[in-house]
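J.: Sequence and predicted structure are below.
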Amino acid sequence: MKRNGLSRRGFLASSLGAMAASGLPMWYAREALAARQESETRIRKVGPNDKIRFGLVGCGGMGKADVGRFIDRPDCQLVALCDVDKRHLEQAATGFRDKAKKGGTDEIAKYTDFRELCTRKDIDFVIVGTPDHWHTLPTLCAMKNGKDVYCEKPFTLFIDEGKLLVKTARAMNRIVQVGSQQRSEGFRPMGNYTGNQWHLACELVRNGRLGKLSQVTTFIGGNPREGPFPVKPIPEGLDYEFWLGPTPKVEYREKNCHYDFRWFYAYSGGKQTDWGAHMNDIAQWALGMDGSGPVAIEAKGEEPSREPGCYDCHPRFELRYHYSSGVPVLCTDVRGNAPGHPQFKAGEGVRFDGVDGKWIFVSRSEVVASDKKLLEEPLPSNKMPLEISTSHGGNFIDCIRSRKQPICNVEVGHRSVSVCHLGNIALRTGLKLQWDPAEEKFIGSNSEEANKWLNRPYRSPWKFEA
């Protein structure tokens with residue numbers, strides 16, 4: 001069998017070489033390639049008539065990217081799209097038309113109300129690619145209508161929303177994958193996600209490669225400080241009232257909609273829920289805290305503008321999370337650093353520091369260490385392996401069929417973004433907070449004030465019932 005002009009043996013050798021060239025040690029590259037081959041074997045065993053049909057809610061950039069995870073698979077079929085902006089809806093329908101037809105869909109159904117899409121009986125799963133303030137209600141609606149869900153990160157806007165989604169997924173026996181794709185995907189040798197530097201770093205840390213940790217640092221960049229932005233006419237085709245949904249009603253300013261919504265606390269959580277949802281997720285994974293979280297949080301930051309129409313997320317910040325293990329996690333607006341490595345590319349990432357000065361830094365472009373032997377020496381055969389996935393979408397489809405939990409399941413997605421929400425609550429209140437991760441509520445002297453931030457009343461007619 002040949003692939004891209006290469007024999008199977010040649011393709012495997014080329015893949016291993018590409019992974020090694022991108023910084024992965026050969027021992028790990030072999031493990032990652034074996035996992036990828038196993039996944040591809042499962043796809044080939046699926047019959048041509050055994051299609052899993054899906055729809056997309058939210059046809060912006062991330063929604064369309066997530067459709068790309070599934071539309072080329074022989075076992076998946078796109079049948080419906082939904083967006084409150086008819087321009088986005090039509091662009092997505094046009095862009096996906098040919099591939100959908102190839103997959104067996106003569107005409108993609110189009111909706112402007114997610115509830116109509118979610119009630120279709122021929123849909124098996126729903127992608128939720130909406131702005132953050134719209135993640136919870138479509139996910140709930142899909143699950144209550146018997147659908148599995150692939151929901152973009154950040155999973156929620158408030159911690160109580162996540163608790164409700166976890167409860168509902170368990171009660172309805174639904175499979176939920178949250179789009180924290182670093183759990184599955186790293187750099188792209190040969191045009192495909194193969195080796196995963198995030199998984200490698202976490203597996204090394206979990207198996208004591210750095211010894212006792214002194215600190216984990218998540219570097220996520222700062223929030224923009226801009227505005228005030230002028231009020232503008234609502235663009236034709238955008239149902240702005242529906243776009244606002246459960247959030248407070250404000251005038252349309254263009255910058256408070258679509259991509260730039262993420263710099264307003266009304267709709268998102270700034271860098272915390274943007275890059276922090278990825279990097280704090282990796283910290284949780286490496287620390288073995290997938291079902292838990294920190295026990296105390298403190299924060300300091302630069303105050304945002306309070307003038308109407310300005311971005312209002314804190315531009316600069318330093319958040320410190322304390323875990324019961326004694327390992328602190330520092331989340332900062334600065335870019336990543338790897339001291340003593342002149343070729344290092346500063347950016348968003350995670351650094352793990354051991355008490356003896358050893359460290360590993362991982363980002364989307366590289367994984368480096370204070371001593372290359374920390375990466376190159378294989379872990380022992382009796383290591384504690386972390387679950388390995390080489391495709392976030394593929395892992396989700398496998399779990400739809402098996403009904404096993406995916407690598408970033410509903411609980412993992414909720415707990416990881418809860419860390420981000422806790423940091424923002426500490427920033428916005430200025431309080432030093434104590435958190436009970438088992439009860440998922442604040443405790444101690446500031447608990448009454450802090451617990452008010454676990455949710456927010458929805459604007460009528462939308463309802464939130466925990």
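T.: Great, that's in hand. All of these numbers come straight from a predicted model, not from anything done at the bench.
J.: And residue 362, how far from residue 351?
T.: Applying CB to CB, to the nearest Å, the value for residue 362 to residue 351 is 8 Å. C-beta here means a position set from N, CA and C on the backbone, and glycine is covered the same way.
J.: between the two, which one's more packed in?
T.: residue 362 (30 against 22; other CB atoms under 10 Å).
J.: Mind pulling up the pLDDT for the more buried one?
T.: Note on residue 362: pLDDT of 95.
J.: do the same with residue 261
T.: According to the prediction, residue 261 has pLDDT 97.
J.: Please name the nearest non-neighbouring residue to it.
T.: Nearest non-adjacent residue to residue 261, counting by CB to CB, 6 or more residues apart in numbering: residue 267, 4.2 Å away.
J.: The one you found touches residue 132, doesn't it?
T.: Yes - between residue 267 and residue 132 there is a contact under CB atoms under 8 Å: 5.9 Å.
J.: overlap in contacts of those two?
T.: Here residue 267 and residue 132 have 157, 261 as joint contacts, going by CB atoms under 8 Å, 6 or more residues apart in numbering.
J.: Return the set of buried residues in the helix or strand harbouring residue 29.
T.: Per DSSP states H and E, residue 29 falls inside helix 26-44. For helix 26-44, the neighbour count (16 or more other CB atoms under 10 Å) marks 28, 29, 30, 31, 32, 33, 35, 36, 39 as buried.
J.: Could you list every helix and strand in contact with that helix?
T.: Applying 3 or more CB pairs under 8 Å, 6 or more residues apart in numbering; DSSP states H and E, we find helix 26-44 packed against helix 8-21, helix 392-402.
J.: C-alpha coordinates for the helix or strand just after that helix, CSV please?
T.: Next helix or strand after helix 26-44 toward the C-terminus (DSSP H and E): strand 52-57. Written as CSV, here are the backbone C-alpha positions of strand 52-57 (Å, rounded to 0.1, in the frame of the first residue of the first chain):
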residue,chain,number,x,y,z
ILE,A,52,-22.3,9.3,11.9
ARG,A,53,-24.3,12.4,11.0
PHE,A,54,-23.7,15.8,12.5
GLY,A,55,-24.6,19.4,12.5
LEU,A,56,-22.8,22.6,13.4
VAL,A,57,-24.1,25.4,15.6
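J.: what is the orientation angle of strand 52-57 with helix 392-402?
T.: Counting by axes from the mean of the first three to the mean of the last three CA atoms, to 10 degrees, strand 52-57 lies at 130 degrees to helix 392-402.
J.: How far off centre is strand 52-57?
T.: Chain-centre distance of strand 52-57: 19 Å, with CA atoms, centre = their mean, to the nearest Å.
J.: Quick one: the strands in the stretch 51-200 of the chain, in order.
T.: Under the criterion DSSP state E, counting those that start in this stretch, the stretch 51-200 of the chain contains strands at 52-57, 76-82, 109-111, 125-128, 148-151, 176-178.
J.: so can I have a markdown table of the ones you listed showing distance to residue 283?
T.: Listed next are the strands of the stretch 51-200 of the chain as a markdown table, based on distance: least, CB to CB, whole Å:
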| stretch | distance to residue 283 |
| --- | --- |
| strand 52-57 | 30 |
| strand 76-82 | 32 |
| strand 109-111 | 38 |
| strand 125-128 | 25 |
| strand 148-151 | 21 |
| strand 176-178 | 16 |
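J.: Residue 234 is nearest to which of the ones you listed?
T.: Closest to residue 234 of the strands of the stretch 51-200 of the chain, according to CB to CB: strand 76-82, at 19.3 Å.
J.: still on that earlier bit, need the least confident one among the helices and strands packed on helix 26-44, by mean pLDDT.
T.: Sorting the helices and strands packed on helix 26-44 by mean pLDDT places helix 8-21 lowest, at a mean of 53.
J.: Give me the three-state assignment for the residue nearest to residue 261.
T.: Classification of residue 267 using DSSP: H, G, I helix; E, B strand; the rest coil returns coil.
J.: Tell me the confidence at it?
T.: The model reports residue 267 with a pLDDT of 98.
J.: show me what contacts it?
T.: 131, 132, 133, 157, 247, 256, 261.
J.: now for these, which pair is the farthest apart?
T.: Farthest apart among the contacts of residue 267 by CB to CB are 157 and 256. That separation is 14.8 Å.
J.: These two: which has the busier surroundings?
T.: Ranked by neighbour count (other CB under 10 Å), residue 157 and residue 256 place residue 157 first, with 26 against 23.
J.: so how far is residue 179 from the more buried one?
T.: 15 Å.
J.: go on, residue 379?
T.: Distance, residue 379 to residue 179, by CB to CB: 28 Å.
J.: Residue 451 - that's part of a helix, no?
T.: Yes - assessed by three-state DSSP, residue 451 belongs to a helix.
J.: Now do the contacts for it.
T.: With CB under 8 Å, 6+ apart, residue 451 has these contacts: 441, 442.
J.: And for residue 382, the neighbour number?
T.: Neighbour number of residue 382 under other CB under 10 Å is 6.
J.: all helices for the stretch 201-350 of the chain, in order.
T.: Remark: helices assigned in the stretch 201-350 of the chain by DSSP state H, counting those that start in this stretch are 240-244, 271-274, 276-287.
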